[in-house]
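Asks: structure, please.
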Amino acid sequence: MRLEVRPVTSRRERQIFLTFPWCIYKNDPLWVPPLLPQRASRLDPAKNPVISGGAVQPFIAWRGDEPVGTIVGAVDAERNAAWEENNAIFGLFECIEDYSVAEALFDTVAAWARQQGKPRLWGPWPLDYEDSHGFLVKGWDRRPVVMCAHNPPYYPEFAERYGMKKARRDSLAFAYDTTTHDPSQVMPEKLQRVAEKVRRRGGITIRPANFDRWDEEIEVALDVLNRGLAVLGETRGFWSAARLSALGKALRPVLDPELILFAEVDGKTVGWVMGLPDLNEAIAAANGLRYPWNAVQFWLALRRRPACVSMKSIAVDPDYWNRGIDALLIYDFSRNALEKGFKWGDFSLTGEDNPMTPRIVTHLGGHEYKRYRIYDLTGLI
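Replies: Take a look at the predicted model:
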């Protein structure tokens, strides 16, 4: 039957687009369904700051009357202006194991980007830069944790066959397994020595997040984060207060202040670490909230302690690098997580070129277990 890719134009087609992943992964035990309400809001410029000032267009690939693939093209006008770039992004790519379908989807979104006057297309970004970005290129033996993606192995193969290239450093996920809740038996002796030496030196205070000062906490976290990104070469304002606040507010109902720690020197915030329980355990139990009754399953699952805690980000002011502050943050975070009864820790996602986190996590006893890749297509116009 004829293969055709068409833009989503009706409410019925939008629902087909949103629920299509259930067709691809119905027999995949490692898949965690996307939260359907969140997936829908990603397509809404009024709710998603990534597309609020740009354009967005979802597409469905049809073979006859049967949907066989999806993709979305978008323009992040605010980010393009901040970075002085002119890119389009693609995301929410799903496809049956048929290269002709993937090729038609990529052709369509590339043509759409060209119509928008964008010479470069990159992704996959699920219309979000932190949540579940990139194609999984390593690690199909373990279920992903919260804010990490999962896809069949043929997705990156199709992207490369189409001519897409690796766009930037890969994003890595590390795992650390434990059978004890006693920090003295889990923490490597060297890390304990470094952390205690830094603590004895004095002048550094580690405190939990204060949710009563939410906006202030966001501001200081953003300042430290962007200072670190600038030293790593990302000097053009990847993060804004609005975007970091939106991410935090989306997660706020499940955040634990003892898993969000700030390091202070003489009252100045110089570093922070953020972690959260692995919500994917509850999301998987609740089928991604596809049906109304799944909400009960979600909250019942969430009441049980997830097995995993995920450390999602750590940042230290470059003026305070090489002083052991990162080690102290990770030590205290890990101690708190162990005392709360988590059975294993995930550290994700961090860039393969990050000079700090992979080294520390490896010394802690962690190992890389997943790798994600962003691709790009250039020369569209």
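
Asks: give me every residue that touches Leu228.
Replies: Careful, residue 228 is Gly; it's not Leu. By CB atoms under 8 Å, 6 or more residues apart in numbering, the contact list for Gly228 reads Ala315, Val316, Asp317, Pro318. To be clear about C-beta, it is placed using only N, CA and C from the backbone, and glycine gets the same treatment.

Asks: list phi and psi for it.
Replies: Main-chain torsions, Gly228, degrees, to the nearest 10: phi -70, psi -40.

Asks: quick one: the helices in the stretch 101-250 of the chain?
Replies: Ranges of helices within the stretch 101-250 of the chain are 154-162, 183-186, 189-201, 214-231, 241-251, based on DSSP state H, counting those that start in this stretch.

Asks: using a markdown table, please lay out the ones you listed together with mean pLDDT and distance to Met274.
Replies: Formatted as a markdown table, those follow (pLDDT from 0 to 100; distance: least, CB to CB, whole Å):
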| stretch | mean pLDDT | distance to Met274 |
| --- | --- | --- |
| helix 154-162 | 98 | 28 |
| helix 183-186 | 59 | 20 |
| helix 189-201 | 78 | 18 |
| helix 214-231 | 83 | 8 |
| helix 241-251 | 65 | 9 |
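
Asks: among those helices, which is the most enclosed?
Replies: The highest mean neighbour count among the helices of the stretch 101-250 of the chain, using mean count of other CB atoms under 10 Å, belongs to helix 154-162: a mean of 18.

Asks: that one packs against which elements?
Replies: If you count contacts as 3 or more CB pairs under 8 Å, 6 or more residues apart in numbering; DSSP states H and E, helix 154-162 packs onto strand 87-95, helix 99-115, strand 135-138, strand 375-377.

Asks: out of the helices of the stretch 101-250 of the chain, flag the one nearest Asp128.
Replies: Taking CB to CB, helix 241-251 is the member of the helices of the stretch 101-250 of the chain nearest to Asp128, at 8.3 Å.

Asks: re the thing from before, whichever of the contacts of Gly228 end up buried, select them in PyMOL.
Replies: Filtering the contacts of Gly228 down to the buried ones (16 or more other CB atoms under 10 Å) takes a single PyMOL command:
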select buried, resi 315+316+317
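
Asks: which ones among the contacts of Gly228 map onto helices?
Replies: Judged by DSSP state H, the contacts of Gly228 include no members of helices.

Asks: I'd like the contacts of Gly228 as a markdown table, with pLDDT appended.
Replies: Compiled in a markdown table, the contacts of Gly228 are given as follows (pLDDT from 0 to 100):
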| residue | pLDDT |
| --- | --- |
| Ala315 | 87 |
| Val316 | 90 |
| Asp317 | 91 |
| Pro318 | 89 |
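
Asks: closest one to Glu189 out of the contacts of Gly228, please.
Replies: The closest of the contacts of Gly228, once distances to Glu189 are taken by CB to CB, is Val316, at 22.7 Å.

Asks: spell out the secondary structure type for the spatially closest residue to the closest one that is not a sequence neighbour.
Replies: Excluding the flanking residues, the one nearest Val316 by CB to CB, 6 or more residues apart in numbering is Gly271, at 3.9 Å. Three-state call for Gly271 (DSSP: H, G, I helix; E, B strand; the rest coil): strand.

Asks: wait, Gly271 sits on Ile314?
Replies: Yes - between Gly271 and Ile314 there is a contact under CB atoms under 8 Å: 7.4 Å.

Asks: which residues do these two both contact?
Replies: Both Gly271 and Ile314 are contacted by Asp326, Leu329, under the criterion CB under 8 Å, 6+ apart.

Asks: pLDDT-wise, which helix or strand of this structure ranks last?
Replies: helix 183-186 (a mean of 59; mean pLDDT, DSSP states H and E).

Asks: kindly state the domain boundaries assigned to the chain.
Replies: With domains defined by automatic domain parsing, the chain comprises 3-171, 179-342.

Asks: give me the most central residue, the protein.
Replies: Geometric centre of the chain, nearest residue: Asp131, 3.0 Å, by CA atoms, centre = their mean.

Asks: surely that residue and Met147 touch.
Replies: Yes - with contact defined as CB under 8 Å, Asp131 counts as touching Met147 (4.8 Å).
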